[in-house]
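> Using only what follows, build the 3D model:
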Amino acid sequence: MGVGRDWIKGHSIVIGLGVLGAFFGGLVGLRGDQGQVSSPSDPGVPSSSPASSVPVHVSGWVLNPGVVWVSEGSLTADAIAAAGGALPGADLDSLNLAQPVYEGDQVLVRAGQSDASGGDQTTGDGLVDINTADSAELQTLPGVGPVLAGNIIAYRESAGRFETLEDLLDVPGIGETRLASIRDLIKPP
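Purely as a prediction, here's the structure:
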């Protein structure tokens, strides 16, 4: 029986060393992760952006202006599509849709010069003049419908000309987000 006890003692030591090794190995594994910081997800940034994706800022006359992630080597047309596509009346002819976009680029999609009915919706540079535009012209801005266009006109009639684009924040229905989405489409006062 002496052999049995020695055998058990020897294996107990081996088992104990194995448990200790697993424990310390786990600690080393935990310490190896210290350099990686996890942050809460941002709605504008994908939870995991593969190394082959790059951020591009698409603004102006698109459905969802903001930062979009596109594959490396994507074209201007791909970035516009990632932002929900161009809105009706967008001036895509002023852009090179076949041009590659790179990390940090901005693509500005401007409104068209005027509609076929002869109504001049925009200034000569394709921008809407908020101090002279009528309701129909204001409604060519993304997210501006008849009610908001009426609010802009009513504010302009009661308070006078807009002196800065930030004056639009005093119009009921226009906040920071809406102003940011139309800022590039408005002629500075």
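
> CA atoms for contacts and neighbours, from now on please.
Noted.

> now residue 168, what's its secondary structure?
Secondary structure for residue 168, judged by DSSP: H, G, I helix; E, B strand; the rest coil, is helix.

> And it, how far from residue 95?
Distance, residue 168 to residue 95, by Cα to Cα, to the nearest Å: 28 Å.

> With neighbour numbers in mind, choose between the two.
Taking other Cα atoms under 10 Å, residue 168 and residue 95 do not tie; residue 168 has more neighbours (21 against 14).

> any idea of the pLDDT on that one?
On pLDDT, residue 168 comes in at 94.

> what's the first-to-last distance across stretch 176-189?
When the termini of stretch 176-189 are compared using Cα to Cα, they are 18 Å apart.

> So which residues lie in contact with that stretch, not counting its own?
With Cα atoms under 8 Å, 6 or more residues apart in numbering as the test, stretch 176-189 has contacts from 59-61, 65, 108, 110-111, 123, 126-131, 141-143, 162-166, 168-169.

> Could you do stretch 88-107 as well?
54-59, 61-62, 72-77, 79-80, 109-113, 115.

> Weed out the non-buried ones from these.
Those of these that meet the buried threshold are 54-59, 61-62, 74-77, 79-80, 109-113, by 16 or more other Cα atoms under 10 Å.

> thinking again about what came up before, mind listing which of the contacts of stretch 176-189 are in strands?
59-60, 108 (DSSP state E).

> any chance of those in JSON lines, plus distance to residue 176 and pLDDT?
Listed next are those as JSON lines, based on distance: Cα to Cα, whole Å; pLDDT from 0 to 100:
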{"residue": "59", "distance to residue 176": "15", "pLDDT": "85"}
{"residue": "60", "distance to residue 176": "15", "pLDDT": "84"}
{"residue": "108", "distance to residue 176": "19", "pLDDT": "86"}
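
> Output those in JSON lines, with distance to residue 84 appended to each entry.
What follows is those, written out as JSON lines (distance: Cα to Cα, whole Å):
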{"residue": "59", "distance to residue 84": "11"}
{"residue": "60", "distance to residue 84": "12"}
{"residue": "108", "distance to residue 84": "14"}
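
> With respect to residue 150, which of those residues is nearest?
Taking Cα to Cα as the measure, residue 60 is the one of the ones in strands among the contacts of stretch 176-189 closest to residue 150, at 21.6 Å.
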